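Participant: return a 3D structure for these sequence lines:
(chains A and B)
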Number of protein chains: 2
Amino acid sequence: MSNFPKLGILGGGQLGKMLCQAASSWHLPVYVLDRDESFPAAPYATVFQRGDFRDYDDVMAFARGLDVVTIEIEHIDTRALHELEQAGVKVYPQPDKIDLIKDKGLQKQFYADHGIATTDFRLFADKEEVIQAVKEGDLHPPFVQKTRTGGYDGQGVSVIRYREEVPANLLEGPCLVETMADIDKELAVIVARSANGEVKVFNTVEMEFHPTANLVEFLICPAALDGDTDGRASKLAVEVVQKMEIVGLLAVELFLTKDGELLVNEVAPRPHNSGHHTIEACATSQYEQHLRAILGLPLGDPRLLRPAALINLLGAEGHTGPTRYQGWMDVLAIPEVYPHLYGKADTRPFRKMGHLTALGDTVAEARERAGRAKSLLQIVAAE
Amino acid sequence: MSNFPKLGILGGGQLGKMLCQAASSWHLPVYVLDRDESFPAAPYATVFQRGDFRDYDDVMAFARGLDVVTIEIEHIDTRALHELEQAGVKVYPQPDKIDLIKDKGLQKQFYADHGIATTDFRLFADKEEVIQAVKEGDLHPPFVQKTRTGGYDGQGVSVIRYREEVPANLLEGPCLVETMADIDKELAVIVARSANGEVKVFNTVEMEFHPTANLVEFLICPAALDGDTDGRASKLAVEVVQKMEIVGLLAVELFLTKDGELLVNEVAPRPHNSGHHTIEACATSQYEQHLRAILGLPLGDPRLLRPAALINLLGAEGHTGPTRYQGWMDVLAIPEVYPHLYGKADTRPFRKMGHLTALGDTVAEARERAGRAKSLLQIVAAE
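Facilitator: Here you go, the predicted model:
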C-alpha cells in the first residue's frame, strides 16, 4: 500500500465513522482527530489521535505527515487549515470555502452576489439593531432570525411570527434576518466536485414532515417531484457547487415554494444527514464519493438503485446516561432495513444516536418499513 | 451498548476483516485473534489480540469474557473450542461440525451416511495403500486424490489422469480418492442457518473458467442455469445444512455433471470466496448474514438485487515484497465496480490480495466491467 495517500479527518463523530467505513474497502489509512476514544469513529480509524480539532496546536500536530485533510463539521477554527494549505497539504473543502459557509451572513451574501436564488435577507450587527428596525417599521414579522455563526442541528435559528415576540425571542450576536418563504417542500441535493472540476449529483431527497408535529419524520428518495422541478433542483445545486468551486461534497438544502420557485436555504461542505441512505440505496455512497472527490479519484456513479426512506434515531425523551439500543434485534426481522448505530457512549434526549435506512420496490414500501422499524427501536439510558 | 454481545473471531484475514466491516454498522464489539497487526482485520477490529488461533492457550486466553466465538478458517485445532463450548460460550460453527468438515474423509462419509449426492470415494490410510490398490487393479485412473486434512485453496489435491502418474504425483498421508465427475459447471450455494433453525439461501454462483487456462476467471451470479437445476442446487445445499445442523454460514460447492446431476463437492463453514459479491449485490451480505446467524438475530433477506461478476485480485507472478496496488484508481472510473483491497503488507505470486465485484443490468454487463477492471489493476511488489 505504498502508493496510498494518508487521509486525516477533523472530527470523530458519525460522519467521520462513516467516512472510515467507506475507506475500509480500499484499506485506505485514515487518521482521525477528536477528544477521546468514546467517539463513533475511534474503532474504525487506522489511527485515532486524541485532541481538539478546534485547537490550533492540536490540528497542526495531527496533520504532520498527512497528504489530505478533511472535516466532518464546518464549525471550526480554520486558522490551522489555512496554514496547512499554505504548507502544501491538500485541505478539502478548502479553508476559505469553510469560512464562507460557516458564516451564514457571508454565505447568503455569496448567493446574492452570484445570482443564486435564495430567500431575501438582511444582515444585522446584533439583536439591538433588529429591535431598532422592527421599532422603526423597517422590518415586519413574520421573519426568521439566524445567528451568523455556530448554528447547527436547528440551533441558532429563531422564527419570529408576531411583533410581540420581539425582543423576547431574538437571539444575541451578529445575525441575519430572512423573509419566511411560503414553503411547499423542503429538499436536499448532494453534489460532489473533485479537484479537477468533475461534478456528480445525487438524486433529490425530500424531507417529509409529521402530519401534526412540526418535525421531519422521513427523508425520502426519490423526492415526489415532477421531472421539471427535480431537474431544476439538481441544476441549482450544481450551480452553487460550481460557483463556489468547492472540492468535496456539498449538501444543498432547498425550499420549494408554493408557487414552484426553488430557493437555496443553506449548504454544508461535507457528508450530510440527508445522504445517509446512499450507503445502501446508491451505486456509490456519499461517503465514498467524498473520499473520491478529495483524493482526486474519478467520481463514482451516484445513481439511485432502490427507493429509500431514512429516519434519524434520536435519544428518547427523559433518558440521559449510558446508551442502550432497545429493540434493534427486532428491527432486523424487517426486510431491507439497515440500522446504523453510532456507538455513542451516552444518550441524551434528541441526540443523534443512529439512523436507519429502509429500501423497497417503491417509496411507499420503504416508508412503511422504516416506520415499522422506528416503532420497534428505542434509545434509552441503561439502568 | 450495554446489551450487545461480545463477539470473538479466530483469524484476522480478509474474511475476518469483512466480518468486522459488517459489524461496524451496528457498532458491535468485535475481538480478533491473529499473529500481528499486519493482518487485514486488525484496523477494523474493536480489539485486536496478538496470538496464534491454532494454540490452545492463546485461544483460551482470548475467549475469556466473550459471549460468542466464530472462525474465519476451519483448519484449526478445535480442542480449545470444545472446552469453551463446555464452559457455556457459544461457539459457532459448533466445534464438532468443524471437526467433521475439516477432515474431508469424515465429510464425505457424512454425505454417504445421509444420502447426500456426492462423487464416489474411498478412504485410504496413506499413499502406500493407494499404490497397492492401483497395482492390484482395484483402483483405476483417472481419479482425484485429496488429503483428509489441511487442504486449502487448491492445496492437498492431486488429479491423477494416467497410471504412469502413480506413485510420483500422489500425496502423503491419510487421504480419499474420488472418481472424476464429468463436470459441466462448478457451482456454489451459500446457506445460513441460525441457532433456532431458521434457514436462508443465497442465489447460486457459477464459476466461469478461462477459455484456455484451467483457472476460474469470473464468479457469476445469478448462475446461467435453467430454473429446475437452480432450484435443485438450492435445495441440495439446504439439505446439507439441515442435516449437518450447523449454525452460521455454510458454503456448499457443487458439481453439475454433463447429464444434469448435482453432486456435493465440499463445504466450508464460514463466509466464502464465492460470496464476496453479496456485499454490493444482495439485500444482506454473507458477512452480515453470518453475524445474524451466530448471534441469534433474525436472518436477513438474501435476495440478489443486481447481477454480479466477481474476480479475485491475486499477487502478480514474479512479485514478492511490500504490496503495491497498481491502477486501483483507474478502476474507479468504471461504473459499479467495487474493489476490495485486503491490505496485506506483502504480496506473493497468486496470493489473494483483494477482490473486485462489478454489477450491471445484466451478467454480461457486469462481466465486461469486471474484465475491464482486471486488465487495469495489478498487485506488484514496491521497488
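Participant: OK, contacts around the closest residue to chain B within the stretch 1-150 of chain A?
Facilitator: Going by Cβ to the nearest Cβ, chain B is nearest to residue A:27 of the stretch 1-150 of chain A, at 3.3 Å. (C-beta placed from N, C-alpha, C; glycine too.) Going by Cβ atoms under 8 Å, 6 or more residues apart in numbering or on different chains, residue A:27 touches A:1, A:4, B:40, B:43, B:341, B:342, B:343.
Participant: widest-spaced pair of those residues?
Facilitator: Farthest pair in the contacts of residue A:27 (Cβ to Cβ) is A:4 and B:40. Separation: 14.5 Å.
Participant: who's more crowded, those two?
Facilitator: Using other Cβ atoms under 10 Å in any protein chain shown, the more surrounded residue of residue A:4 and residue B:40 is residue B:40, with 28 against 19.
Participant: correct me if wrong: the more buried one contacts residue B:14.
Facilitator: Yes. At 5.0 Å, residue B:40 counts as touching residue B:14 under the criterion of Cβ atoms under 8 Å.
Participant: what's the overlap in contacts for those two?
Facilitator: With Cβ under 8 Å, 6+ apart as the test, residue B:40 and residue B:14 both reach residue B:342.
Participant: could you list the low-pLDDT ranges of the stretch 51-200 of chain A?
Facilitator: Low-confidence segments of the stretch 51-200 of chain A, defined by pLDDT under 70: A:151-154.
Participant: could you redo the last one with a cut-off of 80?
Facilitator: Scanning the stretch 51-200 of chain A for pLDDT under 80 picks out the ranges A:150-155.
Participant: residue of it nearest chain B, please.
Facilitator: Proximity of the stretch 51-200 of chain A to chain B (Cβ to the nearest Cβ) peaks at residue A:198, 10.1 Å away.
Participant: roughly how far apart are the spatially closest residue to that residue that is not a sequence neighbour and residue A:199?
Facilitator: Nearest residue to residue A:198 in three dimensions, chain neighbours excluded: residue A:299, at 5.2 Å (Cβ to Cβ, 6 or more residues apart in numbering or on different chains). Between residue A:299 and residue A:199 the computed distance is 8 Å (Cβ to Cβ, to the nearest Å).
Participant: for the two, work out which one has more neighbours and name it.
Facilitator: Using other Cβ under 10 Å, the more surrounded residue of residue A:299 and residue A:199 is residue A:299, with 19 against 15.
Participant: the more buried one belongs to a strand?
Facilitator: No. Per DSSP: H, G, I helix; E, B strand; the rest coil, residue A:299 lies outside any strand segment and is coil.
Participant: please tell me I have it right and it contacts residue A:289.
Facilitator: Yes. The pair residue A:299 and residue A:289 passes the contact test of Cβ under 8 Å, sitting 6.3 Å apart.
Participant: what do the two both touch?
Facilitator: Common contacts of residue A:299 and residue A:289, defined by Cβ under 8 Å, 6+ apart, comprise A:192, A:200.
Participant: residue A:237 in helix, strand or coil?
Facilitator: Classification of residue A:237 using three-state DSSP returns helix.
Participant: that older thread, find residues that contact each of residue A:299 and residue A:199.
Facilitator: residue A:192.
Participant: three-state assignment of the closest residue to residue A:76 other than its chain neighbours?
Facilitator: Leaving aside its chain neighbours, residue A:76 sits nearest to residue A:54 (5.5 Å; criterion: Cβ to Cβ, 6+ apart). Look at residue A:54: counting by three-state DSSP, its state is coil.
Participant: so how far is whichever strand or helix holds residue A:132 from its chain's centroid?
Facilitator: If you go by DSSP states H and E, residue A:132 is part of helix A:127-135. Chain-centre distance of helix A:127-135: 31 Å, with Cα atoms, centre = their mean, to the nearest Å.
Participant: I would like the residues contacting that helix, please.
Facilitator: A:122, A:124, A:139-141, A:145, A:163, A:166-167, A:170-173, A:175, A:177.
Participant: most neighbours out of the residues you listed, which is it?
Facilitator: In these, the most neighbours by other Cβ under 10 Å go to residue A:175, 26 neighbours.
Participant: got the contact list for it?
Facilitator: By Cβ under 8 Å, 6+ apart, residue A:175 lies in contact with A:105, A:123, A:124, A:126, A:127, A:130, A:145, A:146, A:147, A:148.
Participant: for it, grab phi and psi.
Facilitator: As for residue A:175, its main-chain torsions (degrees, to the nearest 10) stand at phi -150, psi 170.
Participant: now do residue A:249
Facilitator: Torsion angles, degrees, to the nearest 10, at residue A:249: phi -90, psi 150.
Participant: okay, now it: neighbour count?
Facilitator: Here the count is done by other Cβ under 10 Å, and residue A:249 has 28 residues near it.
Participant: please identify the helix or strand for the closest residue to it other than its chain neighbours.
Facilitator: Leaving aside its sequence neighbours, residue A:249 sits nearest to residue A:290 (Cβ to Cβ, 6+ apart; 4.6 Å). Using DSSP H and E, residue A:290 sits in helix A:286-295.
Participant: got the contact list for the helix or strand that that helix is followed by?
Facilitator: Next helix or strand after helix A:286-295 toward the C-terminus (DSSP H and E): strand A:308-314. Identification of contacts with strand A:308-314 by Cβ under 8 Å, 6+ apart yields A:205, A:216-221, A:273-274, A:276-277, A:280-281, A:339, A:341, A:349-360, A:363, A:366-367, A:369-371, A:373-374, A:377, A:379.
Participant: in strands, which of those fall?
Facilitator: A:205, A:216-221, A:339, A:341, A:352-359, A:379 (DSSP state E).
Participant: restrict those to contacts with chain B.
Facilitator: Among the ones in strands among the contacts of strand A:308-314, the ones lying near chain B by Cβ under 8 Å from any Cβ of the partner chain are A:339, A:341, A:359.
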